[in-house]
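Q: Need a 3D model of the following:
(2 chains)
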Amino acid sequence: MTVRTRFAPSPTGYMHIGGMRTALFNWLWARRNRGVFILRIDDTDQQRNMDEALGPILQAFRWLGLDWDEGPEVGGGNGPYFQSRRRPLYDAALQRLLQDGHAYRDFEPAQETQRQREAAEQEKRVYVSSRESLLLTDQQIAQKLADNTPCVIRLKVPRGDTVVINDHVRGTVEWDCSLMPDPVIARSDGSPLYNFATVVDDAAMQITHVIRAEEHLSNTPIQVLLHRALGNDTPEWAHIPYVAAPGGREKISKRKIAQYRKNPQFKRLFEIGDTILTRLGFDASADALSPVMVAYYQQTGFIPAGVLNALVRLGWSFDDQTEILSLDEMQQKFSLDRVIRSPAGLDPDKLLSFQAHWMSQLPAPEKLEGCLAMLKQAGWINDPADPAVRGYVQQVMELAGDRLRLFGDIFQLEEFFIADAQLSRDEKAFEKRVTSAPEICGHLRQLRTQLETIPQFTAEPLHDLLQQFATSHSLRPGDLFPALRLCISGRAQGADMFRTLELLGRDRVLHRLDLALAGR
RNA sequence: GGCCCCAUCGUCUAGUCAGGUCCAGGACAUCGGAUUUUCAUUCCGGUAACAGGGGUUCGAAUCCCCUUGGGGUCACCA
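A: Take a look at the predicted model:
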C-alpha cells in the first residue's frame, strides 16, 4: 500500500519552526517509502486574505526544498485541498452520522452546557454530556428545527468503549470513553470543526500515516471514534514530540517571543536578527521574523541544508554517530521508530554549527549569489550583475572564509562596503591602541608615507613592508598591526590584514589612515 | 483539577522493546594545548549525565511499583 502523509497547516500568515519540523517528518516518511506527501490547508474558520495567509507557508516549503505531490498550486486527484472548499463532503458525512445515530443534534444552550461543565468541575466529578436532546422525539426535533432553534451536532461517544491506538512513537495509548464528553463536530451554523473535518479529509485523501505533534494526542480518541462511526479504516498514528524553546521543555510559541529574547541560549539568534534584518530594512521586532518562524532563517541568510539538518535532529537520530545529514541522506535514513518520545529544545548553538558546516560545503557560485542578494537588498552594492562588483565581492568572500556562516554575516565585513567616513569603530579598542598611544601614531604616520610609495599595493609586498617596518622600529607586531587595522577597518581583529589592505586599495587605506590619525 | 505524555552530560542525543560487552558512547557548547601577526578555521586533550526511593535478578540506565519534577490538553480554535 502506498504511504500517504499530509501536513495540514491553517493559513496564519507565517510558518512556525515547530510546524516545519512536523512537515519535514511527514515529507521524509513519504519520500522514504516512495509515497505521497499532501499539503492540505485547514481553513475551516473564516478566511481573510488567503494569498497573504498562505504565502509564507508555501514559501517556507519552497525555500527548504520540500515539494508536495498534492495540494495548493499542484492540484491532485483528491482535491480541493482547502477545507473551506470541501463543505459538501462534510455535510454528507454529517448526514450519515446523524442517520446512523452516531451523532445527534444538541439543542442545549451553550450557557447551560457551560454551567454543567463548571458544576461538575466544582464537585470534582468527571463531566460528560447530559444528552438531554437525545430524549427529544422526532416530532419535537422537527419543531425545533422549524423554529430555527440553534443546535450544534455532537458525536455520540460510545461510553462503554475503550479507544486503543498503537502509536509509532508512543506505543500503546488508551482512553476510557466513559470519561469523554460528546465533542461538537459541527457548529450551529452547520460548519464543521477541526476534529471532524480532519477525519473526513484524512479518509478521503487515503492518508495512511498521521504524523503530527504530541499536542494532538488528546484529539486522537475523538478522531478514532469518528473514523469508526464513519466506517473508515483508521490511519496509523505517530505523535512526535513538539519542539521546545531552547533550554526548556515548553512548547516553542510565538506568544512568548518577548520572553525568548532574554533566554541566554536564544538570545544569540535574536541578536543576529537584530543586526542583519535591520540592515535589510526589515522590522527586526516583527513576530513573523523572529527565530520562531521559518522566514527569519531565510531572511537572515541561513541555508536550507543547515536548518533542515538541525530540524531533523530534533527528536530523531539515525544512530549514535551520525550528525550531519543532507536532505538526500535523511530521505534514505529516516524512520518513525527512531523518533524519540520526549520534547527537544531547539539548540541555537548546534543550529549555528550545522549552518557553518553546510555553508562550508556550499559551492562558491551559490555562496556568491547569496551574498550578492544580501548586499543588494541592503543597498551596499547597486548592480549584482556587474562583473566588477561580482569580482570584488567574490574576493571579499574568499577573504572572509569560514567567518561567513550565514549570508547575513557579510555585513560584518562592512569595511569593504561602507564609505570611509561612515565606518563604525570599536571605540574602546581604538582609544586604547591608537588615541592613547602617541608613539604608535607617529609610527603610523611614517608608515603612511611608505604605503603611499610602495610600488605594488598587494598582499605580498605589503607583508614584507610591514614586517620590515616593525623590525626596524623595534615594534612588536602585536602593537603595530592591531593599531593599523583599527584605523582602516575600525576593529582590532579580522581576516588576513595584508589581503585586507590589498582589497581595500591604496586610496582607501591612505584616506582612512588620515581620518583616523586626525582624530576621526 | 481530570485525562494523557515525558524524565541519560549545560544542550541535542546513543544505549531502554530482546538486563551483563555501559564505573554510560557521539555531537554542540565550554575549558586547556598546538597551528595562525590577530580573529576564525583545523588538530589534539580535559571537565561533564542514568531525578529519588523501593523491589525483581547472580547482575538494572535498561523490567515492575511508588514519589518527585517537567509538559501537553481539556472551545460552537486549529
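Q: show me where the stretch 301-450 of chain A has helices.
A: A:304-312, A:327-333, A:348-361, A:364-378, A:387-400, A:427-430, A:438-453 (DSSP state H, counting those that start in this stretch).
Q: Most tightly packed of the ones you listed?
A: helix A:304-312 (a mean of 22; mean count of other CB atoms under 10 Å). From N, CA and C alone the C-beta is placed, and that goes for glycine too.
Q: What helices and strands are in contact with it?
A: helix A:17-32, helix A:50-64, helix A:327-333, helix A:348-361 (3 or more CB pairs under 8 Å, 6 or more residues apart in numbering; DSSP states H and E).
Q: for A:Thr2, what are its contacts?
A: Taking CB atoms under 8 Å, 6 or more residues apart in numbering, we find A:Thr2 in contact with A:Asn33, A:Arg34, A:Gly35, A:Val36, A:Thr208.
Q: need the helices of the stretch 301-450 of chain A in CSV with distance to RNA strand B and mean pLDDT, can you?
A: Shown next, in CSV, are these (distance: least, CB to the nearest atom of the strand, whole Å; pLDDT from 0 to 100):
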stretch, distance to RNA strand B, mean pLDDT
helix A:304-312, 8, 97
helix A:327-333, 13, 96
helix A:348-361, 4, 96
helix A:364-378, 15, 96
helix A:387-400, 9, 95
helix A:427-430, 10, 88
helix A:438-453, 14, 91
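Q: mind putting these in a markdown table, distance to A:Ala93 included?
A: Shown next, in a markdown table, are the helices of the stretch 301-450 of chain A (distance: least, CB to CB, whole Å):
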| stretch | distance to A:Ala93 |
| --- | --- |
| helix A:304-312 | 35 |
| helix A:327-333 | 35 |
| helix A:348-361 | 43 |
| helix A:364-378 | 48 |
| helix A:387-400 | 57 |
| helix A:427-430 | 69 |
| helix A:438-453 | 81 |
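Q: Span of stretch A:211-222 from start to end?
A: One end of stretch A:211-222 sits 16 Å from the other (CA to CA, to the nearest Å).
Q: is it up against RNA strand B anywhere?
A: Yes: for stretch A:211-222, a contact with RNA strand B is found by CB under 7 Å from any atom of the strand, at A:Glu214, A:Glu215, A:His216, A:Leu217, A:Ser218, A:Asn219.
Q: tell me which element the closest residue to the first one other than its chain neighbours falls in.
A: Computed as CB to CB, 6 or more residues apart in numbering, the closest residue to A:Glu214 that is not its neighbour in sequence is A:His239, at 4.8 Å. Assigned by DSSP states H and E, A:His239 belongs to strand A:236-240.
Q: if I pick A:Arg34, what's in contact with it?
A: A:Arg34 makes contact with A:Thr2, A:Val3, according to CB under 8 Å, 6+ apart.
Q: rewinding a little: can you say which of the contacts of A:Thr2 are buried?
A: A:Asn33, A:Gly35, A:Val36, A:Thr208 (16 or more other CB atoms under 10 Å).
Q: if I look at the third one, how far off is RNA strand B?
A: It refers to A:Val36. Distance of A:Val36 to RNA strand B, given as CB to the nearest atom of the strand, to the nearest Å: 21 Å.
Q: Could you do the first one as well?
A: Spatial separation of A:Asn33 from RNA strand B under the definition CB to the nearest atom of the strand is 20 Å.
Q: try the second one
A: The spacing between A:Gly35 and RNA strand B, counted by CB to the nearest atom of the strand, is 23 Å.
Q: Without its sequence neighbours, what residue ends up closest to that residue?
A: Closest to A:Gly35 by CB to CB, 6+ apart is A:Val3, at 3.1 Å.
Q: Tell me which residues touch the spatially closest residue to A:Gly301 that is not a sequence neighbour, please.
A: Closest residue in space to A:Gly301, ignoring its immediate chain neighbours: A:Phe407 at 2.8 Å, by CB to CB, 6+ apart. Contact analysis of A:Phe407 by CB under 8 Å, 6+ apart lists A:Thr300, A:Gly301, A:Phe302, A:Ile303, A:Lys367, A:Gly370, A:Cys371, A:Ala373, A:Met374.
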